[in-house]
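Asks: fold the following for me, if possible:
(one chain, ligands or ions: 1)
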Amino acid sequence: MASTKMLEALNKQVQREFQSSYIYIGMESYFSEIGLDGFANFFHVQSLEERDHAYRLFNYINSVSGKVELETLEKPKCDYKSPLDALEVTLNHEKFITKSINELMDLAVLEKDHASISFLNWFVDEQVEEEESMDKIIKKLKLFKDDPRGLYMIDTELANRVFTPSTAE
Ligand code: OFO
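Replies: Numbering: from 1, shown residues only. Next up, the predicted model:
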């Protein structure tokens with residue numbers, strides 16, 4: 001059984017994961033409009049992953065006798081200055097989420113809540129992957145700068161991303 005404070009913090013993270021999902025649908029819309037379908041696919045899958053993260057938290061809260069309270073989501077941006085701008089916004093957002101997960105873990109450690117520590121370990125590892133994958137795309141975009149062939153190549157690569165529910169990993 002998690003403490004009330006822990007349940008409130010976990011609930012806030014549910015909100016943040018759903019917000020992340022919504023932000024990435026906004027990016028999908030931006031990339032679809034400018035004709036980069038591979039990037040659009042990448043953010044479509046990213047959005048599904050965030051929803052999966054939210055449900056992972058949702059199910060955990062229920063399993064420790066808590067109840068999820070949903071809040072209103074903020075309107076996401078659907079326009080960016082460039083693909084690089086969108087990816088940099090994404091990386092910064094993921095850094096914010098990493099900080100949020102680390103704070104949750106700090107609370108679980110402080111409260112000696114071993115079940116939540118074990119549960120949150122998956123998210124700690126996931127955030128390393130999240131930041132790494134965004135950083136790799138940013139590096140490629142900077143490398144190819146204004147070369148449209150480079151952008152096309154990255155777009156083709158990102159078209160291959162498929163969604164796998166985390167429970168199936
Ligand atoms: Fe849920 O990892 Fe991104 O936000």
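
Asks: quick check: the residue nearest to the spatial centre of the chain vs Asn121, distance?
Replies: Computing the C-alpha centroid of the chain and ranking residues by C-alpha atoms, centre = their mean puts Glu50 first, at 4.8 Å. According to C-beta to C-beta, to the nearest Å, Glu50 and Asn121 sit 19 Å apart. The C-beta positions use only the backbone N, C-alpha and C, and glycine is treated the same way.

Asks: nearest residue to the residue nearest to the centre of the chain in space, please, no chain neighbours.
Replies: Distances taken as C-beta to C-beta, 6 or more residues apart in numbering put Ser21 closest to Glu50, at 3.7 Å, once the chain neighbours are dropped.

Asks: OK, contacts around that neighbour?
Replies: Ser21 makes contact with 47-48, 50-51, 54, according to C-beta atoms under 8 Å, 6 or more residues apart in numbering.

Asks: can I get the buried part of these as one ChimeraX selection?
Replies: The buried residues among these can be selected in ChimeraX (16 or more other C-beta atoms under 10 Å) with this line:
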select :47,48,50,51,54
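
Asks: where's the residue nearest to the centre of the chain, which helix or strand?
Replies: helix 37-63 (DSSP states H and E).

Asks: the helix or strand following that helix and the ligand in contact?
Replies: As assigned by DSSP H and E, the chain's next helix or strand after helix 37-63 is helix 83-110. Yes. Counting by C-beta under 6 Å from any ligand atom, the ligand is contacted by helix 83-110 at 94, 97.
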